[in-house]
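> Coordinates for the following, if possible.
(one chain, ligands or ions: 1)
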Amino acid sequence: MTLTEHQRRAYLEALSIDVWVPRSDAQHDAELETAQIVEQGAGQDAAPGGGSAAGTTPVDALDWHALRDRVAACTLCDLHASRTQTVFGVGSPSADWMLIGEAPGAEEDRRGEPFVGRAGKLLDEMLRAIGQRRDDVFIANILKCRPPGNRDPKPAEARSCRAYLERQVALVEPRIVLALGRIAAQNLLGSDAPVGRLRGRQHALGDVPLVVTYHPAYLLRSPSQKRKVWDDLCLARRILTERA
Ligand code: URA
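The predicted structure is shown next:
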């Protein structure tokens, strides 16, 4: 049986296998995505009383509140059908530290806030160790909606959500980004290297320094790795202080 390119991609994505596409296709995807986001936005930003709406505003021009509304109404991928609500992120919109995880789990989907389960408690402890509270930093995820059964995000889902995260980073203007775990690190850095190879050094997300560390859920299973996470947090703090 010969598969069409479309069928091949759908098949690979269903198996959560990354689909590598030539740059020209990737650019096409990005253009398509922007077009979808603009189209989806039509009519959603209507001013009360029916005045002129910024409904076709591209995501990269939305302010914080309009971005939050756009995310809450998003139907760009199938996850919108199974979510209880979107999980936009939590914390200060002008934070120095931005932490990016993978995707909401069951508890986060119910409560509309990232990292509220056991992994979230550990994340709060990690923050406390560097003198930060949840309200001081901004915490977001690669995906705003929960993947069913807590499976890994599919590449197409991450692509659909990417513009929202990029806009959050642009608006928050963090001084340091911490990527929590493999999914966040690989998506943000466009890499397929394991966390063990990405952590312990400085990367960049645009012009913002980025440090990779283990996901708190992994730490719950492998507490012996806490020392490495502490080293990564110290590295991030050092980078931030040196750039001050
Ligand atoms: N794991 C994540 O990566 N993000 C959450 O919000 C919760 C658990």
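> pLDDT score for the residue nearest to the spatial centre of the chain?
Geometric centre of the chain, nearest residue: Ile142, 2.1 Å, by C-alpha atoms, centre = their mean. Confidence at Ile142, expressed as pLDDT, is 98.
> who touches the residue of the chain found nearest the ligand in this structure?
The chain approaches the ligand most closely through Gly101 (2.9 Å), counting by C-beta to the nearest ligand atom. The C-beta positions use only the backbone N, C-alpha and C, and glycine is treated the same way. Neighbour list for Gly101: Pro114, Phe115, Ile139, Ala140, Asn141, Ile142, Leu180, Gly181, Ala184, His215 [criterion: C-beta atoms under 8 Å, 6 or more residues apart in numbering].
> Among those residues, which pair sits farthest apart?
The distance between the two most remote of the contacts of Gly101 (C-beta to C-beta) is 14.1 Å, for Ala140 and His215.
> Would you mind naming the residues that bridge with the residue of the chain closest to the ligand?
Note on Gly101: beta-bridge partners by DSSP bridges are Asn141.
> circling back: look at Ala140 and His215 and report which has more neighbours.
Taking neighbours as other C-beta atoms under 10 Å, Ala140 and His215 compare with Ala140 leading, 25 against 22.
> Which residue comes closest to the more buried one once chain neighbours are left out?
Nearest residue to Ala140, sequence neighbours excluded (C-beta to C-beta, 6 or more residues apart in numbering): Gly89, at 3.7 Å.
> give me every residue that touches the one you found.
Gly89 neighbours (C-beta under 8 Å, 6+ apart): Pro114, Phe138, Ile139, Ala140, Asn141, Gln168.
> filter the residues you listed down to the ones near the ligand?
Contacts with the ligand are made by Pro114, Asn141 out of these, judged by C-beta under 6 Å from any ligand atom.
> Quick check: residues of the chain near the ligand?
For the chain, the residues in contact with the ligand (C-beta under 6 Å from any ligand atom) are Gly101, Glu102, Ala103, Pro104, Gly105, Glu108, Pro114, Phe115, Ala119, Asn141, Ala217.
> helix/strand/coil for Lys144?
Under DSSP: H, G, I helix; E, B strand; the rest coil, the three-state class of Lys144 is coil.
> Verify the stated contact: it with Cys161.
Yes - counting by C-beta atoms under 8 Å, Cys161 is a contact partner of Lys144 at 5.7 Å.
> Next, format the residues of the chain next to the ligand as a markdown table and append distance to Arg237 and secondary structure.
Listed next are those as a markdown table, based on distance: C-beta to C-beta, whole Å; DSSP: H, G, I helix; E, B strand; the rest coil:
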| residue | distance to Arg237 | secondary structure |
| --- | --- | --- |
| Gly101 | 19 | strand |
| Glu102 | 23 | coil |
| Ala103 | 26 | coil |
| Pro104 | 27 | coil |
| Gly105 | 27 | coil |
| Glu108 | 26 | helix |
| Pro114 | 21 | coil |
| Phe115 | 20 | coil |
| Ala119 | 21 | helix |
| Asn141 | 22 | strand |
| Ala217 | 23 | helix |
